[in-house]
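Participant: Could you work out the structure for the sequence below:
(4 chains)
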4 protein chains.
Amino acid sequence: MVNVGILGATGMVGQRFIQLLADHPDFEVTALTASSRSAGKKYEDAVTWHLETKIPDAVKDTVVVNTDPREVKDVEIVFSALPSQNAAKVEPKFAEAGMKVASNASAMRMEPDVPLVVPEVNPEHLDLIETQQKRRGWDGFIVTNPNCSTIALVMTLKPLYDQFNIKRVYVSTMQAVSGAGYNGVPSMAIVDNLVPFIGEEEEKMESETLHLLGDFDGETVNNANFGVSASCHRVAVLDGHTEAVFIEMDDDFDLDEVKGSLTNFKGLPQKLNLYSAPEDPVVIREEDNRPQPRMDRMAGNGMAVSVGRLRRDEVYSNSLKYVLVGHNTIRGAAGASILNAELINEIL
Amino acid sequence: MVNVGILGATGMVGQRFIQLLADHPDFEVTALTASSRSAGKKYEDAVTWHLETKIPDAVKDTVVVNTDPREVKDVEIVFSALPSQNAAKVEPKFAEAGMKVASNASAMRMEPDVPLVVPEVNPEHLDLIETQQKRRGWDGFIVTNPNCSTIALVMTLKPLYDQFNIKRVYVSTMQAVSGAGYNGVPSMAIVDNLVPFIGEEEEKMESETLHLLGDFDGETVNNANFGVSASCHRVAVLDGHTEAVFIEMDDDFDLDEVKGSLTNFKGLPQKLNLYSAPEDPVVIREEDNRPQPRMDRMAGNGMAVSVGRLRRDEVYSNSLKYVLVGHNTIRGAAGASILNAELINEIL
Amino acid sequence: MVNVGILGATGMVGQRFIQLLADHPDFEVTALTASSRSAGKKYEDAVTWHLETKIPDAVKDTVVVNTDPREVKDVEIVFSALPSQNAAKVEPKFAEAGMKVASNASAMRMEPDVPLVVPEVNPEHLDLIETQQKRRGWDGFIVTNPNCSTIALVMTLKPLYDQFNIKRVYVSTMQAVSGAGYNGVPSMAIVDNLVPFIGEEEEKMESETLHLLGDFDGETVNNANFGVSASCHRVAVLDGHTEAVFIEMDDDFDLDEVKGSLTNFKGLPQKLNLYSAPEDPVVIREEDNRPQPRMDRMAGNGMAVSVGRLRRDEVYSNSLKYVLVGHNTIRGAAGASILNAELINEIL
Amino acid sequence: MVNVGILGATGMVGQRFIQLLADHPDFEVTALTASSRSAGKKYEDAVTWHLETKIPDAVKDTVVVNTDPREVKDVEIVFSALPSQNAAKVEPKFAEAGMKVASNASAMRMEPDVPLVVPEVNPEHLDLIETQQKRRGWDGFIVTNPNCSTIALVMTLKPLYDQFNIKRVYVSTMQAVSGAGYNGVPSMAIVDNLVPFIGEEEEKMESETLHLLGDFDGETVNNANFGVSASCHRVAVLDGHTEAVFIEMDDDFDLDEVKGSLTNFKGLPQKLNLYSAPEDPVVIREEDNRPQPRMDRMAGNGMAVSVGRLRRDEVYSNSLKYVLVGHNTIRGAAGASILNAELINEIL
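Facilitator: The predicted model follows:
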């Protein structure tokens, strides 16, 4: 068993890490960090637990420490659920102290020597770790996963990008409130309403996607050569982001081939049979009114992306349309970092 | 005062007609029709009233009759809130009997001699009435308004289409449950969920929009020469459709000109000062998180469309993005038919 | 393995039966019935599946038959998820044909020779079966469980009734929409709203509770000798009924004894270790803002009732107040019938 | 016109004061206070406006000042929307400075010389003002209104209390999220959920109700001599508190008399024809599924309480049950203080 820690263990994503790691066959949670307000308390006293499953017995009595590498002992991997500003300051310290940081924070994602990875999409970007360690003189390293809405999108774009010539992508999201944290969206903002804005979300989707599909030439990542234009909106759904995707192809395409491409998609995690890897990264729904967030967010234990309403555009014959649903706090956050760590643990 | 009737007066759109016509300066509701189950009853006994305002006193005791022109006497205009299948059969009979039919039903919208009109957008299409009457030998006629989601979209496209070269439009909707009628969307389908499908909605948006912006050459309407691609979704909002719009222009554009074009847009209803015409058909919101359906659906008494998040696409410099909100059962249904009738009443 | 059938297998409660019986160690689902519209179809083609888990493979291809004992072969127990009117006609035929009917329908609950049973509360009422079979000349029999809101209430009243003198009970419910069936509550009735009425629900709570706590003297059940007064309301919750309970006792009481009474409560299902029996029928929550339906409905796999805010009334020192949450379609419907069948299977 | 100020003008209740006073015939808003963060800014820059109507033009440019009587000039009445802790410190200073304080805060409600008033219920308690001014040596004074859920309840109890012998009252509330302020209830707490706890709410309902119905003997208020026991819950409704009320009477009663008592109830505001007084303080709904918060909260412009499901208890013949709905931020907060001020303005 590999000892792991969770940075920022009391927030919503921290709680998901704890839930998902409770029965993990390879990782054992031995350290939990939080702000100084919580440090010194037992986890069950420090946290306001918001998940429907119980706090796992194994961590109930774990004493929370400060988010400082000197207080986190005998740990090989730390998962970071820190807010972005904190992450920028603290994650490098953990890497410097020799720990492997699997981060869900956005702070370091766009650093040229920090891999931004979705294991099914661009595992080869992990080779950047070597560059990172050399350049920064670290024994440990930082690996990041993208933003929740990007992950779901890019998992469906990857097989298409490999087989077809994507020219432009337009995506309109309907995102769950849990993405903003427990207190992020007041009920008065969302009952009988929606909010057509999520800070920096569109920018992340537009830049991260191309980076993830970019070529790694051994030194740097060269972004994929098309564009993604996003419009992001918050709706009255607890978990599960829904995205309406429009793809302009350079050429005409066969819809059955598109479908086959998505259905047959397997990545390295599937080949390596990683613990958290869903059998099918992309699940195709044939019903005309699916995927729906409440019905489909738990596909593949929350690690698969469901795609439905796959159709050729009636107007532009070289355009494709579909709707996807992905679980934003499992596949889109804690589960993404865990899969990254599983991959690292297996191949490094 | 012009005597008017409402066909299908007990449903959700029928109730909106009654609410909106209650204090109308020119129209007096003197006839209400419904199915044979309701015929013979007083309106207040026939209807399950679902609006938050009370049933207007003037129609409470009106005896409902069958939807048959022989039972509707001394009426000049009838508003049709009929389901599409019924409308196809019944509306022509009313036109034949000499009445002016302002219909919200989709049945006759795409008939080449039936005007499909949004008064701010294409009032000149009303000239088709003459063709219609000649060809069909009717004393009355039928005029239709488009689908709710189309109306809001086309009201924002019209000023842009006049001033810029639109190449492609992608639109992703987040539509209110009232659009499906009172029993249309079960709560189990929409609490903590959304439904990414609305039957025939995308087809209507894609075809009606181009028809509305088409040229009328005196005989037929020649559709506008670009494409609209829609993805339609139902969300947990009572009233007010939200639409994320992406527009590819042929050329570069100035964002301030776009904004000016929308802000200054006035149509014939504004010039004629029609009773239901909003002062500004399009209202620009500058806040970064507006328009929101609950906050903005009643702009212009529910007859204006609110536009926000107007921005140049960061990826494609000749593309424009914005979010709009329009009231689906006022501007998008009953109010649309009433404004059509006001225009007809003024100019014919 | 005992072969079992499900009557009314395509509705919401029918689906729950199928879900809960999927991995049952003693019962194997070998027959599914529905209306003639569905008869002859494979289950997966006949049903519009609304649960978040998939249709179990074992029943996907089962051919649905009519709800007629002649079409249900080689089955020992049938679970009835029929609407009440149908149940009154059809359930007796199945009992006459020799089958054991475990019914969730209300039709037969108040027949004097039909046991109305919650296994933790009044298992001894099952002795009525003998009377029933003799009197009606049936080889099989009918056993019923109470209404969803009654079950949750009575499970908390039972230990208190045994230890304290209950004088009056007032209960105000906040019930989930799933209780009305998939199409039962339109979203327009419940978004930003609640409905303070559920047909016949108050009557059921008021009569069934006293019957369940009544003495069985070998021939008939003599109702418990206090009163229950209910006010029932529908709120925007998918699953899980919440009830605010006020109990006037005859005498003063010790709050710790009340708590101990609820905490230590075990019934026959717990003693017999029945498969669906929750370890603790009543779970006490100490947090000041629990139980909550989304957080607590799955306690004991949906078979336990969660109780919180247990407090002496500040105004009436011999009164007790608490809030409970129970899962209405598991403990309150399908799970209740299954637990009845498990008990019958064990002791008869 | 009387010049009035609003203390705490940027919060939710402050916004309601501004909205309701916009077209007031007797009061003109000339001063707005808020925290030091907002002081010095124009109101429209200081506030995040959350109501569906626009910020009234008259106050848009009003410069917000600190909540300090020295900064509030030439004002006769101030309305207090302050949080309770602030109110305790600040309201006396305004009274000392000679202003009439109509407060919605709970801080001073239970002071023996501060009138706690609902104008339809206990206007005679205003005579306490004289005692208050003498004892405290103030030129101004403080008048308070009760908690939102208490107001709605007591308006229905008043006519019953006058005509019948009330022995006990049990009340279970289903309260709107707006009662907790804009950020008070996270969407994650209320989507597909409810929260069965509101801090100090039950205590307020239980004590304030008896105080309001108490006798004023010229010196002090002697509480009414029965008990109210409350259980308070938050549900997914934006505005409008719903309450299920159970009343034990000492004697048998005639249900028609009860109904007549509620229907015919008029208070001093109705007799004086005060501007904000609803024509009928209590509106009886005859439909079996009303009152509902979304449909009935605006009865009497949000100042009336709607009562439905009025019925004799089937179990206890001397008990009465009904359900009420009242608007929590109009009748239950800002509107209550305004009606108090109108009454004071008329009779003092």
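Participant: hey, let's count contacts and neighbours off CA atoms from now on
Facilitator: Will do.
Participant: Roughly how far does the residue in the stretch 51-200 of chain A that chain D sits nearest to sit from residue D:187?
Facilitator: Distance from chain D to each residue of the stretch 51-200 of chain A (CA to the nearest CA) is smallest for residue A:187, at 3.9 Å. Per CA to CA, to the nearest Å, residue A:187 is found 4 Å from residue D:187.
Participant: quick one, phi/psi of residue A:171?
Facilitator: Phi and psi for residue A:171, reported as degrees, to the nearest 10, are phi -140, psi 130.
Participant: Give me every residue in the stretch 151-300 of chain A lying close to chain B.
Facilitator: Counting by CA under 8 Å from any CA of the partner chain, the residues of the stretch 151-300 of chain A close to chain B are A:170, A:172, A:191-197, A:206, A:227-229, A:231, A:235-238, A:244, A:246, A:288-294.
Participant: hmm, try it at 6 Å
Facilitator: Taking CA under 6 Å from any CA of the partner chain as the criterion, the stretch 151-300 of chain A approaches chain B at residues A:192, A:193, A:195, A:196, A:197, A:237, A:238, A:289, A:292, A:293, A:294.
Participant: between those, which is closest to residue B:157?
Facilitator: Nearest to residue B:157 among those: residue A:196, at 19.5 Å, using CA to CA.
Participant: Neighbours of the residue of the stretch 51-200 of chain A closest to chain D, how many?
Facilitator: By other CA atoms under 10 Å in any protein chain shown, the residues close to residue A:187 number 27.
Participant: thought it was touching residue D:186?
Facilitator: Yes - Residue A:187 is in contact with residue D:186 according to CA atoms under 6 Å; the separation is 5.1 Å.
Participant: roughly how far apart are residue A:224 and residue A:155?
Facilitator: 15 Å.
Participant: brain fart, residue A:100
Facilitator: Distance from residue A:100 to residue A:155, by CA to CA: 24 Å.
Participant: now residue A:237
Facilitator: Counting by CA to CA, the gap from residue A:237 to residue A:155 is 22 Å.
Participant: Ignoring the adjacent residues along the chain, who's closest to residue A:121?
Facilitator: Leaving aside its chain neighbours, residue A:121 sits nearest to residue A:158 (6.1 Å; criterion: CA to CA, 6 or more residues apart in numbering or on different chains).
Participant: cool, residue A:63 as well?
Facilitator: In space, residue A:63 is closest to residue A:42, 4.3 Å off (CA to CA, 6+ apart).
Participant: what about the one you found, how many neighbours?
Facilitator: Residue A:42 has 17 neighbours, counted by other CA under 10 Å.
Participant: before we move on, what about residue A:40?
Facilitator: Residue A:40: 16 surrounding residues under other CA under 10 Å.
Participant: Equivalent analysis for residue A:3, please.
Facilitator: Residue A:3: 16 surrounding residues under other CA under 10 Å.
Participant: wait, isn't it in contact with residue A:28?
Facilitator: Yes - judged on CA under 6 Å, residue A:3 makes contact with residue A:28 at a distance of 5.0 Å.
Participant: Could I get the contacting residues of residue A:311?
Facilitator: Each residue near residue A:311 by CA atoms under 6 Å, 6 or more residues apart in numbering or on different chains is listed here: A:320, A:321.
Participant: Show me what it is bridged to.
Facilitator: residue A:321 (DSSP bridges).
Participant: so what's it scoring on pLDDT?
Facilitator: Residue A:311 is assigned 97 on the pLDDT scale.
Participant: so how far is residue A:151 from it?
Facilitator: Separation of residue A:311 from residue A:151 (CA to CA): 22 Å.
Participant: now swap in residue A:128 and tell me
Facilitator: 20 Å.
Participant: Of these two, which one has the most company?
Facilitator: Each of residue A:128 and residue A:151 has its neighbours counted (other CA under 10 Å); residue A:151 has more, 27 against 23.
Participant: For the more buried one, give me its contacts.
Facilitator: Applying CA under 6 Å, 6+ apart to residue A:151 gives the contacts residue A:332.
Participant: can you rerun that using 8 Å?
Facilitator: Going by CA atoms under 8 Å, 6 or more residues apart in numbering or on different chains, residue A:151 touches A:118, A:331, A:332.
Participant: Repeat that for residue A:301.
Facilitator: Neighbouring residues of residue A:301 by CA under 8 Å, 6+ apart: residue A:278.
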